[in-house]
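Asker: Fold the following for me, if possible:
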Amino acid sequence: MSAAKKIKDVVFATGRRKTSVARVRVKKGTGKIIVNDKPVEEYFPAGNYVMIIRQPLEAISFANDSDILVNVYGGGLSGQAGAIRHGIARAFDLIDENNHPALKANKFLTRDPRMVERKKYGQKKARRRFQFSKR
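Answerer: So this is what the prediction gives:
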């Protein structure tokens with residue numbers, strides 16, 4: 001199954017970051033961004049996350065002629081914002097192939113592979129060891 005597909009006038013795309021998954025739908029509208037049935041400014045009260053989400057739209061000179069509906073789950077706010085950015089970039093890449101060079105140059109189409117390293121047995125955390133005492 002592809003990460004992005006087009007059905008009639010609606011484009012579906014999936015974005016991922018850390019443990020967050022964002023399902024993005026883009027359809028004709030007035031430029032609203034709705035995240036989990038809330039406006040994006042209400043879902044992300046800190047402005048830096050809204051800025052992250054709008055980055056691919058600024059790269060392609062978004063004309064506010066489409067509504068973006070997002071369902072996001074998993075992880076925290078930072079991972080969710082990154083997942084939404086990835087999904088929006090994939091959706092607009094599918095809508096118009098002229099968007100591809102700008103999105104690719106800014107690395108919005110690349111899935112960030114960094115994940116939290118797992119905790120190992122016999123240690124406090126992933127890399128932190130218990131204190132060693134020689135005597």
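
Asker: How many neighbouring residues does residue 127 have?
Answerer: A count of neighbours around residue 127, defined by other CB atoms under 10 Å, yields 9. Using the backbone N, CA and C atoms, a C-beta is placed for each residue, glycine as well.

Asker: So the closest residue in space to it that isn't next to it in sequence: helix, strand or coil?
Answerer: Excluding the flanking residues, the one nearest residue 127 by CB to CB, 6 or more residues apart in numbering is residue 117, at 7.3 Å. Following DSSP: H, G, I helix; E, B strand; the rest coil, we place residue 117 in the coil state.

Asker: Which helix in the protein has the most residues?
Answerer: For the chain, the helix with the greatest residue count under DSSP state H is helix 77-95.

Asker: just checking, what packs against that helix?
Answerer: strand 4-7, strand 10-17, strand 20-28, helix 47-59, strand 66-73, helix 100-105 (3 or more CB pairs under 8 Å, 6 or more residues apart in numbering; DSSP states H and E).

Asker: if you set the cut-off to 6 Å instead, what comes out?
Answerer: strand 10-17, strand 20-28, helix 47-59, strand 66-73, helix 100-105 (3 or more CB pairs under 6 Å, 6 or more residues apart in numbering; DSSP states H and E).

Asker: so the residue nearest to residue 127 makes contact with residue 126?
Answerer: Yes. Using CB atoms under 6 Å, residue 117 is in contact with residue 126, at 4.1 Å.
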